[in-house]
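> Only the shape, not the letters, is given here:
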Ligand SMILES: Nc1ncnc2c1ncn2[C@@H]1O[C@H](COP(=O)(O)OP(=O)(O)OP(=O)(O)O)[C@@H](O)[C@H]1O
Ligand SMILES: [Mg+2]
């Protein structure tokens with residue numbers, strides 16, 4: 001750690017005042033980021049673009065979409081923003097960090113050429129192969145004819161993935177040849193995911209529990225965060241359609257210190273090293289989607305940003321000032337900073353609109369948020385809400401992430417559901433088994 005007076009002078013804004021921060025995005029992840037940033041003594045003003053109904057209590061919401069990079073840059077220049085933190089994936093792939101840096105603005109997140117580790121599954125799979133990072137075996141295809149031919153000789157289930165971003169829908173687990181062919185044709189011929197489906201990856205189906213590990217990295221040093229697990233299916237017992245995530249918990253029960261050491265040596269450090277070697281130094285949040293198979297831990301995917309809803313259970317466990325860490329990453333001195341975690345657990349139960357992830361209504365009044373937050377340990381992060389006439393109303397599929405910290409997972413689960421039980425909106429839907437895995 002650097003001596004405190006030195007830190008103060010380097011971390012405060014160039015204007016010598018406390019900092020103004022802009023957070024880009026408007027979901028539960030961004031609410032959590034704003035919440036954590038608001039606890040920093042280095043920060044006196046937070047803006048969030050576009051924000052949401054819950055974020056509005058902590059930050060000034062600015063009506064600019066997360067992908068409107070020109071206007072975000074203009075806003076940051078006009079308002080002398082000292083630090084911008086980018087939440088979602090699409091602006092990162094579009095090069096928001098490069099655009100901010102070109103104007104001399106401080107921004108937290110990977111450059112476009114490094115964000116490719118999430119933006120292209122062909123790139124990330126080839127990277128893992130080249131550098132010996134454990135992952136499912138795979139083949140890349142540039143046309144549907146070759147892919148269909150290949151599918152005649154694979155074992156099922158098999159996994160078909162569109163190369164690019166597809167809102168979490170570009171991965172199809174095909175149970176048989178017909179399903180796989182259908183997936184290939186939809187992605188490559190019907191272009192249901194547009195350009196994201198120009199190339200596909202077909203890979204080996206892996207069996208095991210999934211673990212998410214987010215990390216801070218400045219391109220040289222990598223500091224993993226505490227582990228998390230999420231529940232993607234809409235209904236209890238992992239039934240129903242895949243969603244953006246119906247809940248999450250931290251730590252994972254299966255991520256032992258031995259596994260963590262293995263991941264550090266065989267996955268985390270090699271990935272950062274590989275990116276550097278490829279001339280794509282990665283600075284920001286590197287997210288490892290891991291699976292524990294019989295042959296050991298393998299990488300399912302990388303993301304180039306905080307996960308949603310994993311962030312909701314990880315950041316409440318982070319001790320100290322996240323802005324210090326962001327600054328250290330930007331200045332490439334992460335090795336100087338001590339990142340410490342609470343020895344506790346956190347659970348986030350997502351409350352969704354009835355019908356999500358397919359079709360749902362919006363605009364219902366939400367009651368009971370204050371009562372939930374009156375319970376010790378509960379924080380309600382807003383995902384899809386809007387402030388209308390001073391009332392919080394539903395404005396998306398995933399509406400709230402009711403989050404609780406506790407001394408252990410059982411305690412956190414109980415507390416989170418005590419919070420959920422205080423909240424009501426029409427047709428609300430949530431899983432009753434979050435954290436029990
Ligand atoms: N090889 C595989 N074997 C088994 N399941 C897989 C495999 N690849 C992906 N999956 C399943 O599909 C999910 C999504 O895959 P992946 O993470 O590659 O896609 P994504 O669209 O980038 O996801 P996200 O929206 O979480 O970033 C995984 O969480 C996992 O459950
Ligand atoms: Mg991904």
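Ah, there it is. Worth saying up front: this structure is predicted, and the values here are computed from it rather than measured. Ligands and ions are numbered 1, 2, ... in the order given.

> lowest average confidence, helix or strand, in the chain?
Across the helices and strands of the chain, the lowest-confidence element by mean pLDDT, DSSP states H and E is helix 4-11, at a mean of 43.

> need the strands for the stretch 251-400 of the chain, in chain order.
284-293, 296-303, 345-352, 378-382, 385-388, 391-394, 398-406 (DSSP state E, counting those that start in this stretch).

> between the ones you listed, which gets nearest to residue 259?
Minimum separation from residue 259 across the strands of the stretch 251-400 of the chain (C-beta to C-beta) falls at strand 296-303, 6.1 Å. Every C-beta, even on glycine, is put in place using the N, C-alpha and C of the backbone.

> ok, and does that closest one reach over to ligand 1?
Yes - using C-beta under 6 Å from any ligand atom, we find that strand 296-303 touches ligand 1 at 300, 301, 303.

> quick one: contacts of that strand?
89, 117-118, 121, 124, 128, 133-136, 206, 210-211, 259, 262-263, 266-267, 271, 286-291 (C-beta atoms under 8 Å, 6 or more residues apart in numbering).

> Using PyMOL, make a named selection holding only the buried ones among those.
Restricted to buried positions by 16 or more other C-beta atoms under 10 Å, the PyMOL selection for the contacts of strand 296-303 reads:
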select buried, resi 89+117+118+121+124+128+133+134+135+136+206+210+211+259+263+266+267+271+286+287+288+289+290+291
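
> For residue 190, the count of nearby residues, please.
11 (other C-beta atoms under 10 Å).

> Can you tell me how far it is from residue 174?
16 Å (C-beta to C-beta, to the nearest Å).

> which ones are touching the residue most central in space within the chain?
Centre of the chain computed as the mean C-alpha position; nearest residue by C-alpha atoms, centre = their mean is residue 307, 1.3 Å away. Counting by C-beta under 8 Å, 6+ apart, residue 307 touches 29, 212, 214, 228, 230, 245, 287.

> and if you look at residue 48?
Going by C-beta under 8 Å, 6+ apart, the list of residues near residue 48 reads 22, 23, 24, 25, 26, 30, 34, 55, 59, 60, 61, 62.

> What about those, which are in helices?
30, 34 (DSSP state H).

> how about JSON lines for the contacts of residue 48, with distance to residue 218, neighbour count and pLDDT added?
Shown next, in JSON lines, are those (distance: C-beta to C-beta, whole Å; neighbours: other C-beta atoms under 10 Å; pLDDT from 0 to 100):
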{"residue": "22", "distance to residue 218": "21", "neighbour count": "26", "pLDDT": "98"}
{"residue": "23", "distance to residue 218": "20", "neighbour count": "27", "pLDDT": "98"}
{"residue": "24", "distance to residue 218": "20", "neighbour count": "32", "pLDDT": "98"}
{"residue": "25", "distance to residue 218": "22", "neighbour count": "28", "pLDDT": "98"}
{"residue": "26", "distance to residue 218": "27", "neighbour count": "28", "pLDDT": "98"}
{"residue": "30", "distance to residue 218": "22", "neighbour count": "31", "pLDDT": "98"}
{"residue": "34", "distance to residue 218": "23", "neighbour count": "27", "pLDDT": "98"}
{"residue": "55", "distance to residue 218": "27", "neighbour count": "29", "pLDDT": "98"}
{"residue": "59", "distance to residue 218": "26", "neighbour count": "24", "pLDDT": "98"}
{"residue": "60", "distance to residue 218": "29", "neighbour count": "14", "pLDDT": "98"}
{"residue": "61", "distance to residue 218": "30", "neighbour count": "21", "pLDDT": "98"}
{"residue": "62", "distance to residue 218": "28", "neighbour count": "17", "pLDDT": "98"}
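
> what mean pLDDT would you report for the longest strand along the chain?
Longest strand in the chain by number of residues (criterion: DSSP state E): strand 239-250. The average pLDDT for strand 239-250 rounds to 94.

> And that strand, how far out from the chain middle?
13 Å (C-alpha atoms, centre = their mean, to the nearest Å).

> packing partners for that strand?
strand 229-235, helix 310-314, strand 345-352, strand 398-406, helix 409-420 (3 or more C-beta pairs under 8 Å, 6 or more residues apart in numbering; DSSP states H and E).

> Now render those as a markdown table, adding distance to ligand 2.
Formatted as a markdown table, the helices and strands packed on strand 239-250 follow (distance: least, C-beta to the ion, whole Å):
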| stretch | distance to ligand 2 |
| --- | --- |
| strand 229-235 | 12 |
| helix 310-314 | 12 |
| strand 345-352 | 18 |
| strand 398-406 | 17 |
| helix 409-420 | 25 |
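
> Put together JSON lines for these, with distance to residue 41 on each row.
Shown next, in JSON lines, are these (distance: least, C-beta to C-beta, whole Å):
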{"stretch": "strand 229-235", "distance to residue 41": "32"}
{"stretch": "helix 310-314", "distance to residue 41": "21"}
{"stretch": "strand 345-352", "distance to residue 41": "23"}
{"stretch": "strand 398-406", "distance to residue 41": "21"}
{"stretch": "helix 409-420", "distance to residue 41": "27"}
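
> Among those, which comes closest to residue 363?
Closest among the helices and strands packed on strand 239-250, using C-beta to C-beta: strand 398-406, at 11.4 Å.

> For ligand 1, what's its nearest residue on the stretch 301-437 of the chain.
residue 301 (3.5 Å; C-beta to the nearest ligand atom).

> Give me the distance between the residue nearest to the centre of the chain and residue 76.
25 Å.

> and the nearest residue to residue 229 once chain neighbours are set aside, what does it touch?
Spatially, and ignoring its direct neighbours in sequence, residue 229 is nearest to residue 252 (4.6 Å; C-beta to C-beta, 6 or more residues apart in numbering). Contact analysis of residue 252 by C-beta under 8 Å, 6+ apart lists 209, 211, 212, 227, 228, 229.

> One more: residue 214?
The contact partners of residue 214, by C-beta under 8 Å, 6+ apart, come to 224, 225, 228, 285, 286, 287, 288, 306, 307, 310, 311, 314.

> what do you get for residue 337?
1, 223, 324, 325, 328.

> and the third one, how many residues sit next to it?
In other words, residue 324. Neighbours of residue 324 (other C-beta under 10 Å): 20.

> pretty sure it is touching residue 42, no?
Yes - the criterion here is C-beta atoms under 8 Å, and residue 324 meets it with residue 42 at 7.3 Å.
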